[in-house]
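>>> Sharing a model that was predicted from the sequence below.
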Amino acid sequence: MTAGARTPEELDELLEDACVLRDAAALGALFGDGAVMVASGGGAAGRALASLWAGGHTYVAHPPRVLRAGDVALVLGAAGLHVLRRGTDGTWRAAISLLDLEPTGQESPMSQDTQSLEPVATPAGAGEARWWLGALAEIKITAAQTGGLLSVLEITEAPNENAPLHVHHREDEAFWILEGDATFEVGDATIEAHAGDFVFGPRGIPHRYSTGPAGCRMLFVMTPGGFEELVRGMSVPAAARTLPPPPEEEPDWDHVAAVAEANGCELLA
């Protein structure tokens, strides 16, 4: 088994082989420096990761769905979601892997059968557009379209905006910076992120971000899916695919907090 792959699809197959063959060394070689693997379902992440080997769980990749932009790709497999990056040597390696390890017999959004799903393509400039608390939110793919596996939203923020401190109790969240810059606070960590960078915020850890002087355009990748319902509940349909006009008054924070709570999220400040 090689340490890398020439395409995202090939890396997806190598990840599957390493798990099925129970080859921990080969699996580790497929991850880039500083990569993150998170397992959800069946207890704390550490215990779940250990059970990947001790409990006989395997990752089944087929059929993959690949969204690629330059040297970065998202791969959605039947048992997890991967963020992949191509290195200077031309090989692809995993940067973030979100694996579901829900115990056998328990059904969750991350363990639904994806065989019955239809392919989905959302072109650039398409997807439901909402004006959301000063940002433009474009819903690229929903829980309904992925069997509950994930939701992806493209978020455009104005310069020098500040998201409130909050925590997700239901989903993990990854941020893919497409343009501009943002500073993230995730727990005790402060992360300066620029175009092409990823930030991962596990559920249960408070986080927030502030945008740079040029603003920021990024993808929110949420697993499992459903975050679009929170956005819809806090927003209005966008009159254009631009940032909304400056608000004339403060948001109704009581309403925002109530919508957040109804969707497994909690405002902390």
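On my side now, so go ahead. Here the structure is a predicted model, which is why all the values come from computation and not from measurement.
>>> CA only for contacts and neighbour counts going forward, please
OK.
>>> residue contacts, the residue positioned nearest the centre of the chain?
Geometric centre of the chain, nearest residue: Val221, 2.5 Å, by CA atoms, centre = their mean. Applying CA atoms under 8 Å, 6 or more residues apart in numbering, we find Val221 in contact with 150-153, 173-176.
>>> make it 10 Å
74, 81, 83, 140-141, 150-154, 171-176, 200, 227 (CA atoms under 10 Å, 6 or more residues apart in numbering).
>>> What are the buried residues along the strand or helix carrying it?
Using DSSP states H and E, Val221 sits within strand 207-223. Residues of strand 207-223 classed as buried under the neighbour-count rule (16 or more other CA atoms under 10 Å) are 207-212, 215-223.
>>> ok, back up a step: in helices, which of the contacts of Val221 appear?
Here DSSP state H is the test, and these give Phe227 as lying in helices.
>>> Show me what Leu136 is bridged to.
Trp131, Thr156 (DSSP bridges).
>>> in this structure, which spans are helices?
Using DSSP H, helices in the chain cover 8-20, 24-29, 45-54, 227-234, 253-262.
>>> JSON lines for the ones you listed, including mean neighbour count and distance to Val167?
Formatted as JSON lines, the helices of the chain follow (neighbours: other CA atoms under 10 Å; distance: least, CA to CA, whole Å):
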{"stretch": "helix 8-20", "mean neighbour count": "20", "distance to Val167": "31"}
{"stretch": "helix 24-29", "mean neighbour count": "15", "distance to Val167": "30"}
{"stretch": "helix 45-54", "mean neighbour count": "15", "distance to Val167": "17"}
{"stretch": "helix 227-234", "mean neighbour count": "20", "distance to Val167": "13"}
{"stretch": "helix 253-262", "mean neighbour count": "15", "distance to Val167": "10"}
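>>> Just tell me which of the ones you listed ends up closest to Arg65.
Arg65 sits nearest to helix 8-20 of all these, at 8.7 Å, using CA to CA.
>>> For stretch 145-155, list every residue counted as buried.
146-155.
>>> quick one: which of those residues is nearest Thr183?
The closest of the buried residues of stretch 145-155, once distances to Thr183 are taken by CA to CA, is Ile155, at 15.0 Å.
>>> Who's the closest spatial neighbour of that closest one, skipping the chain neighbours?
Distances taken as CA to CA, 6 or more residues apart in numbering place Ala137 nearest to Ile155, at 4.7 Å, with adjacent residues excluded.
>>> That neighbour and Ala158 touch, don't they?
No. Using CA atoms under 10 Å, Ala137 makes no contact with Ala158, being 11.9 Å away.
>>> What is the least confident helix or strand in the protein?
Lowest by mean pLDDT, DSSP states H and E among the helices and strands of the chain is helix 45-54, with a mean of 50.
>>> Number of residues surrounding the residue lying closest to Leu153 once chain neighbours are set aside?
Take Leu153 and drop its neighbours on the chain: the residue closest to it by CA to CA, 6+ apart is Ile139, 4.5 Å away. By the criterion of other CA atoms under 10 Å, Ile139 has 23 neighbours.
>>> ok, Ile139 to Glu128 distance?
5 Å (CA to CA, to the nearest Å).
>>> Now the common contact residues for the two.
153, 228, 232.
>>> quick one, domains of the chain?
8-104, 128-267 (automatic domain parsing).
>>> quick one on the thing from earlier: could the buried residues of stretch 145-155 be laid out in TSV, adding distance to Asp89?
Output for the buried residues of stretch 145-155, formatted as TSV (distance: CA to CA, whole Å):
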residue	distance to Asp89
Thr146	33
Gly147	36
Gly148	35
Leu149	32
Leu150	31
Ser151	31
Val152	29
Leu153	31
Glu154	30
Ile155	31
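>>> Need the max-distance pair from those.
Gly147 and Ile155 (22.5 Å).
>>> Could you check how many residues crowd around Glu118?
By other CA under 10 Å, neighbour count at Glu118 equals 10.
>>> mind showing which ranges of this structure have poor pLDDT?
Along the chain, the parts satisfying pLDDT under 70 run over 1-4, 19-22, 37-64, 77-80, 99-116.
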